[in-house]
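K.L.:
only geometry, no sequence info:
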């Protein structure tokens, strides 16, 4: 599993730990933690597309029969819908 660590005052290094030696094996360096986290997510199999798909699935579920509360109202998905619009660029 890839992780990132702060290696200098303004440098974050992505890499993984060797299970045999427990030594950190660097993969790439980044100027900020956001870029390092994005690289870690990609290396570990995650992507923005995966997040978008998960949010879309959540919105569909919550706006449908599964998302109905005991009082008959729907679970609020407004924030998730706004995030989707931002991520998809519209």
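P.N.:
Sure thing, it's come through. All figures in this text were calculated on a predicted structure; none of them were measured in a lab.
K.L.:
so what's the residue count around residue 58?
P.N.:
16 (other CB atoms under 10 Å). Where C-beta positions appear, they are placed from N, C-alpha and C, glycine not excepted.
K.L.:
ok, it to residue 81 distance?
P.N.:
10 Å (CB to CB, to the nearest Å).
K.L.:
then residue 55?
P.N.:
Taking CB to CB, one finds residue 55 at 8 Å from residue 81.
K.L.:
partners of residue 13 in the sheet?
P.N.:
residue 5, residue 29 (DSSP bridges).
K.L.:
averaged pLDDT, the longest helix along the chain. What do you get?
P.N.:
Taking DSSP state H as the criterion, the chain has its longest helix at helix 48-63. Averaging pLDDT along helix 48-63 gives 71.
K.L.:
elements contacting that helix?
P.N.:
Applying 3 or more CB pairs under 8 Å, 6 or more residues apart in numbering; DSSP states H and E, we find helix 48-63 packed against helix 78-88.
K.L.:
can you tell me which helix or strand of this protein has the lowest average pLDDT?
P.N.:
Across the helices and strands of the chain, mean confidence by mean pLDDT, DSSP states H and E is lowest for helix 78-88: a mean of 68.
K.L.:
please parse the chain into its domains.
P.N.:
With domains defined by automatic domain parsing, the chain comprises 2-43, 48-88.
K.L.:
figure out the length between the terminal residues of the longest one.
P.N.:
To tie it back to what came earlier, the one meant is domain 2-43. 7 Å (CA to CA, to the nearest Å).
K.L.:
residue 14: neighbour count?
P.N.:
Residues near residue 14, counting by other CB under 10 Å, number 21.
K.L.:
so it touches residue 28, yeah?
P.N.:
Yes: using CB atoms under 8 Å, residue 14 is in contact with residue 28, at 4.8 Å.
K.L.:
overlap in contacts, the two.
P.N.:
Here residue 14 and residue 28 share the contacting residues residue 39, scored by CB atoms under 8 Å, 6 or more residues apart in numbering.
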